[in-house]
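Undergrad: 3D model of this:
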Amino acid sequence: MAKLTQQRQSILDLINASNRHWDADEVARALSDAGQSVGIATVYRGLAALEEAGLLDSIRMADKKRYERADKAHHDHMICTECGHIEEFTHETIEVLQLAAAKERGFELSGHQLTLFGRCKKCSQERV
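TA: Numbering: from 1, shown residues only. Coordinates of the predicted model:
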């Protein structure tokens, strides 16, 4: 891994102190609000280095990546296309089916991400 600079440690500490899914702009804003002047380019580089080192996980959204703690148990995500809410979930049957699909095709899994898109309960109820 590249050197764990003070800025990267600050990014890691911020994300590890929460259960949120952070984008780079939110990280930069939170660090600035905490009195730490870290440029957005430094935040992007820091997030990439921390992910590459396995210290953070990310999920790819249409417009940006979001980062979260890497020390959580495996889970998948549901993302609301209206408000952006991200809900974590696990489902044993889905996990079994994914493993079976890979095995049937002779594919050796090293990991996976499942992301479901739609409207969250709150946004669905607002339309009624």
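Undergrad: secondary structure element for the closest residue to Trp22 other than its chain neighbours?
TA: Leaving out its chain neighbours, the residue that sits closest to Trp22 by C-beta to C-beta, 6 or more residues apart in numbering is Tyr67, at 5.0 Å. (Glycine included, C-beta is placed from N, CA and C.) With elements taken from DSSP states H and E, the one containing Tyr67 is strand 65-69.
Undergrad: that strand - contacts with which helices or strands?
TA: Under the contact criterion of 3 or more C-beta pairs under 8 Å, 6 or more residues apart in numbering; DSSP states H and E, strand 65-69 touches helix 6-16, helix 40-52, strand 56-60.
Undergrad: let me have the ones you listed in TSV, extended by distance to Asp71, mean neighbour count and mean pLDDT.
TA: Shown next, in TSV, are those (distance: least, C-beta to C-beta, whole Å; neighbours: other C-beta atoms under 10 Å; pLDDT from 0 to 100):
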stretch	distance to Asp71	mean neighbour count	mean pLDDT
helix 6-16	7	18	94
helix 40-52	12	18	95
strand 56-60	9	18	92
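Undergrad: isn't Asp71 up against Asn16?
TA: Yes - applying C-beta atoms under 8 Å, one finds Asp71 in contact with Asn16, separated by 7.4 Å.
Undergrad: which strand residues bridge the residue nearest to Trp22?
TA: Trp22, Ser58 (DSSP bridges).
Undergrad: okay, now the domains of the protein?
TA: 6-69, 76-126 (automatic domain parsing).
Undergrad: tell me which of these is the most buried.
TA: domain 6-69 (a mean of 16; mean count of other C-beta atoms under 10 Å).
Undergrad: how about low-confidence regions in this structure?
TA: Applying pLDDT under 70 to the chain picks out residues 1-2, 128.
Undergrad: can you give me the distance of the nearest residue to Gln98 once chain neighbours are set aside to His77?
TA: In space, and not counting its chain neighbours, Gln98 is closest to His112: 6.1 Å by C-beta to C-beta, 6+ apart. In this view, His112 and His77 are 12 Å apart by C-beta to C-beta, to the nearest Å.
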